[in-house]
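1. Quick one, structure for this:
(chains A and B)
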Protein chains: 2
Amino acid sequence: MKKQVAIVEEILSANDRLAAQNRSQLDAAGVLGLNIMASPGAGKTSVILRTIQALAPHFRLGVVEGDTAPVTIDADKIISAGMPAVQINTGGQCHLDAVMLANALPQLPLADLDLLIVENVGNLICPAGFSLGTHRNVVIASVPEGDDKPYKYPNIYRGIDALILNKIDLLPYIEFDPDYFRRGITLLNPGVTFFELSCRTGQGFPAWAGWLRQQMEHHS
Amino acid sequence: MKKQVAIVEEILSANDRLAAQNRSQLDAAGVLGLNIMASPGAGKTSVILRTIQALAPHFRLGVVEGDTAPVTIDADKIISAGMPAVQINTGGQCHLDAVMLANALPQLPLADLDLLIVENVGNLICPAGFSLGTHRNVVIASVPEGDDKPYKYPNIYRGIDALILNKIDLLPYIEFDPDYFRRGITLLNPGVTFFELSCRTGQGFPAWAGWLRQQMEHHS
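-> Numbers count the residues shown, from 1 in each chain, chains lettered A, B, ... in the order given. Here you go, the predicted structure:
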């Protein structure tokens, strides 16, 4: 068992070294890196597509799509929206890591980009353990997932900069206590910035896009 | 790297040995074991609560609740419904394994039970890799997660016996193509049995409870 622990620690510190290299590469190109984590089906790709609309034509985005299978459903949507996208197929693995991102970066026109969004694999647990080198980390929760998620899956909320509650257009049809949800997040991460979004109606996107613009300014 | 692979293989074969022991223990007690896997918030606990109602008073259920944190929200709900429940806190781990179930079984009155439902950790990837020794494996999908999940997270659907599509009461409010969804599952697992449920209205529970009764009969 001790041998296993040592190997796991070695993998994690190698990951951190590569994450730092990814960060330097993004910094050198003047690109803000954003890691988006969420459960399967929380609406990561839909939020990214609406974000592209909200920031266009003033900012240029690139997207890295993390998938467990070789389907390019999400990457195709980004490319159709006119932005460069690279798919990482993890081959069944449950999270992205810094090595995978390091392999994806050279396939993107970093010098032309303002913002790189990395869409992690849909998973509310494992992605929390692997830093990628991005400047900001965001979790997308969604109303149908239920208001108790911060209490049940606490680790993912701890290190993040922003929390998006997505699909708020479904609030009339679902029992969901926004105060209970928010209290759970705030207990874990008092400094987090909250956004409530609906990709269907566009509600909340001006505030979210404003925050992103601010992060890009602070960064460059 | 070779050393790491060897250790992983050793862990998996140890897991399989323990899974077989769990199965024997359930068989000796005449209990059908059911492993329920799903994304966070797909409605696992709600389905279990409605299943208890649908099978009562003729069948006695026990529940093992897999959680990544020490909160007993779900286990408390089962106990309030009058059935024995044991919580497994995985301490942040992303799936249940046969060791965890082996530790939980002695805490349940197996001799008094007909059905043991194991609610796995909310995760559409990692639980697929670890057999628990249960007789049947079920995935709960839910309408708000989207109809493309079988194409994006294929591994979890391959070994299962039944697929529940939950939250069908939300179909009027969400774009979801049931045929596209079903086609994706059937490509991966042609023999799977489908159920469409709504925990809000109770729709579909007679068919689901009928299937469970049949599995219990075939088993004993």
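2. give me the number of residues near A:Ile73?
-> Look at A:Ile73: counted by other CB atoms under 10 Å in any protein chain shown, it has 14 neighbours. For glycine as for every other residue, the C-beta is placed from the backbone atoms N, C-alpha and C.
3. swap in A:Ile185?
-> 22.
4. I'd say A:Tyr157 and A:Val192 touch.
-> Yes: the pair A:Tyr157 / A:Val192 is scored as a contact, 7.3 Å apart, by CB atoms under 8 Å.
5. Mind listing the shared neighbours of the two?
-> Common neighbours of A:Tyr157 and A:Val192 (criterion: CB atoms under 8 Å, 6 or more residues apart in numbering or on different chains): A:Leu163, A:Ile185.
6. So the two - more neighbours on which side?
-> Neighbour comparison, A:Tyr157 and A:Val192: the larger count goes to A:Tyr157, with 22 against 18 (by other CB under 10 Å).
7. OK, contacts around that one?
-> A:Val139, A:Pro150, A:Leu163, A:Ile185, A:Leu188, A:Asn189, A:Val192.
8. Export those residues as TSV, with columns for secondary structure.
-> Formatted as TSV, those follow (DSSP: H, G, I helix; E, B strand; the rest coil):
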residue	secondary structure
A:Val139	strand
A:Pro150	helix
A:Leu163	strand
A:Ile185	helix
A:Leu188	helix
A:Asn189	coil
A:Val192	coil
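9. The one helix or strand in chain A whose mean pLDDT sits lowest: how far from the chain's middle?
-> Lowest by mean pLDDT, DSSP states H and E among the helices and strands of chain A is helix A:2-29, with a mean of 85. Computed by CA atoms, centre = their mean, to the nearest Å, the chain-centroid distance of helix A:2-29 equals 19 Å.
10. Mind giving me the packing neighbours of it?
-> In this structure, helix A:2-29 packs against strand A:32-38, helix A:98-104, helix B:2-29, with contacts taken as 3 or more CB pairs under 8 Å, 6 or more residues apart in numbering or on different chains; DSSP states H and E.
11. Would you mind finding the most buried of the ones you listed?
-> Of all those, strand A:32-38 has the most neighbours on average by mean count of other CB atoms under 10 Å in any protein chain shown, namely a mean of 26.
12. pLDDT below threshold where in chain A?
-> Within chain A, the stretches with pLDDT under 70 are A:1-5, A:220.
13. ok, now with 50
-> Scanning chain A for pLDDT under 50 picks out A:1.
14. Go ahead and flag the most central residue of it.
-> What sits nearest the mean C-alpha location of chain A, by CA atoms, centre = their mean, is A:Ile36, with 0.4 Å.
15. Could you measure from that one over to chain B?
-> Distance check for A:Ile36 against chain B: by CB to the nearest CB, to the nearest Å, it reads 15 Å.
16. What's opposite that residue in the beta bridge?
-> For A:Ile36, the beta-bridge assignment (DSSP bridges) gives partners A:Glu119, A:Val138.
17. Output the helices and strands packed on helix A:2-29 in TSV; the columns should cover distance to B:Pro70.
-> Output for these, formatted as TSV (distance: least, CB to CB, whole Å):
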stretch	distance to B:Pro70
strand A:32-38	22
helix A:98-104	30
helix B:2-29	23
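18. So for B:Gly43, which of those sits nearest?
-> Taking CB to CB, strand A:32-38 is the member of the helices and strands packed on helix A:2-29 nearest to B:Gly43, at 17.4 Å.
19. Could you identify the helix or strand that succeeds that closest one?
-> Going down the chain from strand A:32-38, the next helix or strand is helix A:44-55, by DSSP states H and E.
20. how big is the angle separating that next one from strand A:32-38?
-> Put simply, helix A:44-55 runs at 140 degrees to strand A:32-38, going by axes from the mean of the first three to the mean of the last three CA atoms, to 10 degrees.
21. residues contacting A:Leu96?
-> Residues in contact with A:Leu96, defined by CB under 8 Å, 6+ apart, are A:Asn35, A:Val64, A:Gly66, A:Ile88, A:Thr90, A:Val118, A:Asn120, A:Val121, A:Pro127, A:Phe130, A:Leu132.
22. And A:Val118, by the same measure?
-> A:Gly33, A:Leu34, A:Asn35, A:Ile36, A:Val63, A:Val64, A:Gly66, A:Leu96, A:Leu101, A:Leu132, A:Thr134.
23. Secondary structure element for A:Asp76, which one?
-> helix A:73-80.
24. Quick one: name the residues of chain A near chain B.
-> For chain A, the residues in contact with chain B (CB under 8 Å from any CB of the partner chain) are A:3-4, A:7, A:39-41, A:67-69, A:71, A:73-74, A:92-94, A:121-126, A:142, A:144-146, A:148-149, A:151-155, A:167, A:169-170, A:173-174.
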